[in-house]
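**Student:** Quick one, what's the 3D model for this:
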Amino acid sequence: MGGGGWFYVPKVWSPAGGWWNIPANWKGNTAMAGLAVGVMLMGLIKISSDRERRPIPPIRHIPSQYWCKHAAEDDPSLVLAKK
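**Tutor:** Numbers count the residues shown, from 1 in each chain. Okay, here's the model as predicted:
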């Protein structure tokens, strides 16, 4: 009984690198994956801000109105507040 000690694992090949793999360039791979996710997220935010519309003006100010493309058209009180 007991959970410590050596654990036998046969030699197994897998695309991910097998059992308890720590690749030599894990920091670079992680940075590249983070950069790719960041670029995709920036594109998604850009598309979202271009398409954001509010048919009914909000009761309170919404922070996304600062960068929304159609905020001045959708909320007339926002235009008065900026003047």
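**Student:** Walking through the protein, point out its helices one by one.
**Tutor:** In the chain, the segments counted as helices under DSSP state H are 26-51, 71-74, 76-82.
**Student:** Quick check: which of these is nearest to Ser64?
**Tutor:** helix 26-51 (7.1 Å; C-beta to C-beta). C-beta here means a position set from N, CA and C on the backbone, and glycine is covered the same way.
**Student:** same question for that closest one, mean pLDDT?
**Tutor:** The pLDDT scores in helix 26-51 average 94.
**Student:** Which stretch among the helices of the chain is buried most, on average?
**Tutor:** Most buried of these, by mean neighbour count (mean count of other C-beta atoms under 10 Å): helix 71-74, with a mean of 16.
**Student:** okay, that helix in PDB with CA atoms only?
**Tutor:** What follows is helix 71-74, C-alpha atoms only, in PDB (Å, rounded to 0.1, in the frame of the first residue of the first chain):
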ATOM      1  CA  ALA A  71     -22.800  54.900 -30.200                       C
ATOM      2  CA  ALA A  72     -23.600  58.500 -31.200                       C
ATOM      3  CA  GLU A  73     -26.300  57.300 -33.600                       C
ATOM      4  CA  ASP A  74     -27.900  54.900 -31.100                       C
END
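**Student:** what about stretch 30-50, distance to the chain center?
**Tutor:** Put simply, stretch 30-50 sits 6 Å off its chain's centre (C-alpha atoms, centre = their mean, to the nearest Å).
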